[in-house]
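Enquirer: sequence plus predicted model, see below.
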Amino acid sequence: MSDMTERMVRRMLGERSLVRLAVLAIAVIILFSILSDNFFTVIDFQSMGFQIAEVGLLSLAVMLSMLTGGIDLSIVSVANIAALVTAELFKGTDAASATGGKALLMTAAFILVGLAAGTACGVLNGLLITRIRITPILATLGTLQLLNGLAIIWTGGKAVYGMPNAFLNIGTGYIARVPAPVIVLVIAAVAAAVFVNRTGIGLRLQLVGANPTAARYSGLNNARVLMMTYISSAFLSSIAGILIAARSASANADYGASYVLLAIVIVVLGGVNPLGGYGTVTGVVLAAFVLQLVHSGFSQIGYSDFLYSIAQGGILIGVMALNTLSTRWRLSSRLAILNRWRRAEAPTAQPPSALAPPLPPGASAQSKEAERKP
Amino acid sequence: MTALVPALRRLPIYRLRGSNNEGVLILSIIVLSVIVGIVAPSFWRLSTLLNISSSSLENLVFAMGVLMVIISGGIDVSFMAIGIFAGYGVIVLTNHTGFGASSAWTSFAIAAGLGLGLGTLNAAAIAGLRLPTLIVTLGTQGIIRGAMLAYVGSKVIPDYPPGLDKLSTNYLVTATQGASSTRLSVLVIPAILICAVMSVLLRYTTLGRGIYAIGGDAESARRAGFPVFGIQVFIYLFAGLLAGVAGMMHVTQVRLANPYELVGGELDVIAAVVLGGASIFGGKGSVSGTVLGVVLISLIKNSLILLGVPGTWQRATVGLLLLIGVSAQALTASARRRNLDAMPETPA
Amino acid sequence: MVAREPLLVASGVSKRFGGVAALDHVTLEVRPGEVHCIVGENGSGKSTLIKVISGVETPDTGTITMDGTSLSRLSPRQAISLGIEVIFQDFSLFPNLTAAENIAMATYVAGGRRIVRPGSLRRLAAEVVRRIGVRLDLDSRVEDLSVADRQLTAICRALARDARVIFMDEPTTALTWREVQALFRVVESLKETGTALVFVSHKLDEVLRVSDRITVLRNGVVTVTGDVADFDRGSIIQAMTGRALTETSPASSIREREAPLLEVRQLGLRGSFHDVSFTVRPGEVVGVTGLLGSGRTEIAEALFGITPAHHGTVHVDGRPVRIRSVRDAIAAGIGYVPGDRLTQGVFLDQAISRNIIAGSLDRLLGRLNLIRRKQARETVEEAASELNIRMSSADDPVRSLSGGNQQRVVLGKWLARNPHILILNSPTVGVDVGSKHEILEMLRAKGREGLGVIVISDDVPELVAVCHRVLVVRRGRITDELVGDRLTEEVILRELAA
């Protein structure tokens, strides 16, 4: 194993949440294999592949916004806008009947327009959050509703059909026996990972989420970072929207409402800290995979989607509870050591005033506020 | 701008603004009514008032619960799920066991109980484990709705228990216009009562003031001796109870038990509470502001219908309204902060 | 006349943190109706003593005796029920509630009352307010009140809880002269009711004026305690600093001929400071000192672009620069090590390496915005070795480091950029003695290399040890410049105390 791979593997093994996820994945597979005798043989990895891409992309979008300590609730509405723009363009130009090169050209062009439209929504979110300074929850809640409402007005509540085969192949076709959407997801995930971990903007994103005050004092442009975050989130959501439209051969203003909860479950399960500053793409993708396994398992056994919804909520709260409890336990036992060590310095290990109220290590007025939302 | 605000404050008219922007809301309602009234004179009829009141009923009760949560510094998106679970659950229960078929009171009591029980989920996770409120309530929304559709039933039920049937046709006021008549259900009385109770609770009890204290600064509240855990448990239990009652009201008014309703309409209520002056960061908010907020949103929806605007426009309008209202709040907050920065420096 | 029977006695209190004794057999005696001032420098143990007495910290040895009840350890709630109240710097008020509610609420909660009658609540508050003869807008939300009024609210709240002893930290810092007089009148009426007040204060003039007795702490030990009549400014300073250790200020390595690195002319920020002018020459270490609230931090943060100045000019290396944002400041070659390390300086849970490169990201980016890993690693290694950062791995979170090492990380962040001017705010707070020494030495060394350094501090020995010149700031203006013979601990303390 090369040195770099070894370091990467060691780091991943060190990530508690990743290890936990891997264990969970195995546990799920074993569990369902017991519950339904032919789980593993019948499990249709290929059909899973078609679905996982949509939710995976949406989860990556949520991850980006969560890394900065905020949240983007408008992902599904943005996805639908992108899908609708592309679909309406197809319908309007009667693209379904086009063939060959022309179809390919139109497909590519209209997809780009759709992506642009969706990404523009991200600019709206960014402006609301950075210029008008609305907190991300409220801002994206508002745009969720507004964009959804605009889509309903536009379509009159009806679905839009009429897409060319070239487009539908993206959602239902294969590339070397792998479902096309999975390829898209993998490319997007790799790009997201590089974006977050290797680029300057990605690092800035994490720093702003970890401590916006320190980021400011380090010379980072918080507003610009946040704007990029919400634009990127919208971009990923738009791709998801295109995939959804390609797979279902239609675009709809209300599709995928249940994806918001699922995306957040995946992100939290994947080890992203809702308060910002920490998270990995690997974790999110793995978590998406685990949830998809659960979904497949459920339908194998004959459990309805409603039960899946219960499972999602349960997993979400369960994981957060586990995180909190284990952190608190770790923190309280480490606290003694840490405190003794830190106080080996001057007693004024806190802000210079003589009577500053005692802060738990690392806490700040900033983190208190962030703690309240989401 | 910095010098303007303190000068403005001294104008007597500023007092009318109200501590939670109630003045602005009242003004908006009046202005809006006048505009709509000019364009569609049919606005100025009793039936309009009754329509607005009817459509506000259940949202008022939902909003009271949401208001409590928001003042305490949290946010709740599970209330609609709790509401429909309770409402639908009661109908199913009554149809199956015949229990409480004849008395609407029993139905409401069961619904309240269901809501209370479901509220314990939120209370445990938020008050007990101190998990972030948005994500927790998103999770409980999924759990509750899933449980309802999986275990209680997923079909629309047209059969109605006689007790509720009687209640649903019990009208307080009727306005007749030629052939058509608009009615206001007697349920408006409990709705108003609940608002009154909440107002008293928030203003005249240590529990209520404790909710504000927690929203202002949870740590200081703890230090000052407020039983923070107990208060938070109360908040989520009571919010659940109110949601249950509101859900029952909805099912009664609609005369149909449809388990797919309500969920998805959370924003209408949250927008009303936020527009009513409650700060999303907690510590501020009032019953009067929330009531005005609910009325404003109902007014807008009704106006749209009156003006002949297709129903598809409602969602976008409420969303836009929320964004405008919240933007205004954020911009004034920024202005005030800049104003404070010019004041003599505060230590550390 | 002040009664002789003590109200509160902290006797033989010791507290160690790790290997350092923050308090060593300290005894404090507070009598009813007296104003007792605790005086001491940073690190003298004042804050620890207060925390022990108010139950926030448990002492290793010693007892707290209040009204006859002796305890070797107490909880904050016990302290409050005994009548010991501490007014923290943030006042711990509820900004969204009215003054009346803040004042009276505690009694409601403590009394187990369920119903709140706004009328009676207000009357309770009004009664307390009247008792000490002040004017306070009880119906305003605390967030709308001035700092002085907030302080009054906090005092009234303590009184409403039947406080017998009220501790206050630097109570007159943010007050205007009028407000200070008003506060002293309040103090007088409090004394008449037998309530004792304990002030922690730097302002020796006020200490001498308002207190009945004084206790001076130095390095965790009580050096002297007694009636104020037995003291004067000189003797207090002597007690605070011990033997006059005037470290000779550093040999002048300033190249007098060279053009100034930084030239600040008539810098002003409404409400914070005005008419601030000074220069920094290459190789100089200029100190800026003043009491909390004097504007010293604001000047630094204006130069760094956090709260840009309204008027004045700044020239760096002879070129005029407009500093409207942090970016402008950094582009001009200015770096800033902030005063509050935990919230402003470091990203606690992020890796040390990330913390170090956080300030110079723009220089480490290659194509497609990708970070040049090798270059980043080299930057981190350079910083770590130059600053002697003791860590096990650069991937560890900064949280795992001691305060001194954390501060080195912050320094590393800025030195990685090679700034022309480095401004440091309270650079050695929360830093162990060894690190303190090294950091100061490093600053001096950097100075010799030509870096211009500005140190904002109220750690007097540190200022004397490392600075060539010290500017004294009071109420937003530079009132004095100390250099050469006048640059001694005594002079600085006297200036601060005036």
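Expert: Now that the structure is in, tell me what you want to look at. The model shown is predicted, which means the values in this text are computed figures rather than measured ones. Numbers count the residues shown, from 1 in each chain, chains lettered A, B, ... in the order given.

Enquirer: flag the shaky bits of the stretch 151-300 of chain C, pLDDT-wise.
Expert: Judged by pLDDT under 70, the stretch 151-300 of chain C has its weakly predicted residues at C:173-174, C:242-257.

Enquirer: what ranges do the strands span in it?
Expert: Along the stretch 151-300 of chain C, counting by DSSP state E, counting those that start in this stretch, strands occupy C:165-169, C:196-200, C:213-218, C:221-227, C:262-269, C:273-280, C:285-289.

Enquirer: buried stuff in the fourth one?
Expert: Taking 16 or more other CB atoms under 10 Å in any protein chain shown as the basis for neighbour counts, the residues of strand C:221-227 that come out buried are C:V221, C:V222, C:T223, C:V224, C:T225. From N, CA and C alone the C-beta is placed, and that goes for glycine too.

Enquirer: is any residue of that strand near chain A?
Expert: No - judged by CB under 8 Å from any CB of the partner chain, strand C:221-227 and chain A are separated, with a smallest distance of 13.2 Å.

Enquirer: tell me, how many residues neighbour B:W313?
Expert: Counted with other CB atoms under 10 Å in any protein chain shown, the neighbours of B:W313 add up to 18.

Enquirer: got a list of what it touches?
Expert: Shown in contact with B:W313 (CB atoms under 8 Å, 6 or more residues apart in numbering or on different chains): A:G149, A:I153, B:L304.

Enquirer: hmm, try it at 7 Å
Expert: Contacts for B:W313 (CB atoms under 7 Å, 6 or more residues apart in numbering or on different chains) come out as A:I153, B:L304.

Enquirer: so it versus A:G157, what's the distance?
Expert: 11 Å (CB to CB, to the nearest Å).

Enquirer: check whether C:L28 sits in a helix, strand or coil.
Expert: Put simply, C:L28 is strand when judged by DSSP: H, G, I helix; E, B strand; the rest coil.

Enquirer: quick one: contacts for C:V13?
Expert: Neighbouring residues of C:V13 by CB under 7 Å, 6+ apart: C:L23, C:V26, C:L49, C:V52, C:P59, C:T61, C:G62.

Enquirer: can you rerun that using 10 Å?
Expert: Contact partners of C:V13, counting by CB atoms under 10 Å, 6 or more residues apart in numbering or on different chains, are C:22-28, C:45, C:48-49, C:52-53, C:57, C:59-64, C:72, C:220, C:222.

Enquirer: check which helix or strand it maps to.
Expert: strand C:8-17 (DSSP states H and E).

Enquirer: report the buried residues of that strand.
Expert: Neighbour count says strand C:8-17 has C:L8, C:V9, C:A10, C:S11, C:V13, C:S14, C:K15, C:R16, C:F17 buried, by 16+ other CB under 10 Å.

Enquirer: could you give the angle of it to strand C:196-200?
Expert: Angle, strand C:8-17 to strand C:196-200, by axes from the mean of the first three to the mean of the last three CA atoms, to 10 degrees: 30 degrees.

Enquirer: within the sheet, what are the partner strands of strand C:8-17, with directions?
Expert: Paired neighbours of strand C:8-17 in the sheet (DSSP bridges): strand C:20-30 (antiparallel), strand C:61-66 (antiparallel).

Enquirer: can I get the ones you listed in JSON lines including mean neighbour count, mean pLDDT and distance to C:L291?
Expert: JSON lines is the format used below for the strands paired with strand C:8-17 (neighbours: other CB atoms under 10 Å in any protein chain shown; pLDDT from 0 to 100; distance: least, CB to CB, whole Å):
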{"stretch": "strand C:20-30", "mean neighbour count": "20", "mean pLDDT": "86", "distance to C:L291": "23"}
{"stretch": "strand C:61-66", "mean neighbour count": "19", "mean pLDDT": "89", "distance to C:L291": "30"}
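
Enquirer: what parts of the stretch 151-300 of chain C come near chain B?
Expert: C:157, C:161, C:169-170, C:173-176, C:269-273, C:291-295, C:297-298 (CB under 10 Å from any CB of the partner chain).

Enquirer: now the buried members of the residues you listed.
Expert: Neighbour-count burial (16+ other CB under 10 Å) applied to these gives C:157, C:161, C:169-170, C:173-175, C:269, C:271-273, C:291-295, C:297-298.

Enquirer: please work out how many residues are found near A:M320.
Expert: By other CB under 10 Å, the residues close to A:M320 number 20.

Enquirer: hang on, it in a strand?
Expert: No - counting by three-state DSSP, A:M320 is not part of a strand but helix.

Enquirer: roughly how far does it sit from B:L138?
Expert: A:M320 is 11 Å from B:L138, where distance means CB to CB.

Enquirer: quick check: neighbours shared by these two?
Expert: Common neighbours of A:M320 and B:L138, counting by CB under 10 Å, 6+ apart, are B:P132.

Enquirer: where does chain B dip in pLDDT?
Expert: Across chain B, residues meeting the criterion (pLDDT under 70) sit at B:1-20, B:175-179, B:338-348.

Enquirer: show me where it has its strands.
Expert: Along chain B, counting by DSSP state E, strands occupy B:171-177, B:180-185.

Enquirer: can I get the ones you listed in JSON lines including distance to B:F281 and mean neighbour count?
Expert: As requested, the strands of chain B are exported to JSON lines (distance: least, CB to CB, whole Å; neighbours: other CB atoms under 10 Å in any protein chain shown):
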{"stretch": "strand B:171-177", "distance to B:F281": "38", "mean neighbour count": "13"}
{"stretch": "strand B:180-185", "distance to B:F281": "36", "mean neighbour count": "16"}
